[in-house]
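> Please find the sequence and the predicted model below.
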Amino acid sequence: MKGWQRLQQFQGESSFTTWMTRIVINLCLDQLRKQKRERAESIEALDEESGGVERQMPPVTFNPTERLERSELRQRIDRAMEQLSYEHRTVLVLHEFEDMEYKEIARVMGCSIGTVMSRLFYARRRLAALLADLRNES
């Protein structure tokens, strides 16, 4: 619609597609700025109405034991990951933590999709065996 309204402003210095694309990009940026402004205004209104944004947020409780347990768990997982072969660890990290699909992993690692699937299966199985005692502790 904007392009049609401003058609007389098209000077032909660039292609029509480039000119139209720029209009769409500018409209999108304007919309994002508007949403950002509205979000900031709503936070300010909440701050004024209720005595502060902080009062609207749930209280954060600090549990030093929980932090220690998480740290220990993280160390156990890291040690278990180190015991996996390079290929198994890499496939597991790429799939589970980087959210890559089998096809992408196969391309990056230079192997077939079937090999990726096999490595992922065995990596999960090995990791589960290495961390099996954690299930018994909880």
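Yep, that arrived.
> The nearest residue in space to residue 95 that is not next to it in sequence: how many residues sit nearby?
The shortest distance from residue 95 to any residue other than its chain neighbours is 5.7 Å, reached at residue 120 (C-beta to C-beta, 6 or more residues apart in numbering). For the C-beta atoms, the positions are set from N, CA and C on the backbone; glycine is no exception. One way to gauge burial is a neighbour count; for residue 120, by other C-beta atoms under 10 Å, it gives 18.
> Test my guess that residue 120 contacts residue 91.
Yes. Taking contacts as C-beta atoms under 8 Å, residue 120 lies within contact range of residue 91: 5.0 Å.
> Mind splitting the protein into its structural domains?
As given by automatic domain parsing, the domain ranges for the chain are 2-55, 64-137.
> Dump the ones you listed to JSON lines, plus mean pLDDT.
Rendered in JSON lines, the data for those read as follows (pLDDT from 0 to 100):
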{"stretch": "domain 2-55", "mean pLDDT": "70"}
{"stretch": "domain 64-137", "mean pLDDT": "87"}
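> re earlier: run through the residues that contact the residue nearest to residue 95.
Neighbouring residues of residue 120 by C-beta atoms under 8 Å, 6 or more residues apart in numbering: 88, 91, 92, 95, 102.
> Of the domains of the chain, which stretch is the most buried?
The highest mean neighbour count among the domains of the chain, using mean count of other C-beta atoms under 10 Å, belongs to domain 64-137: a mean of 14.
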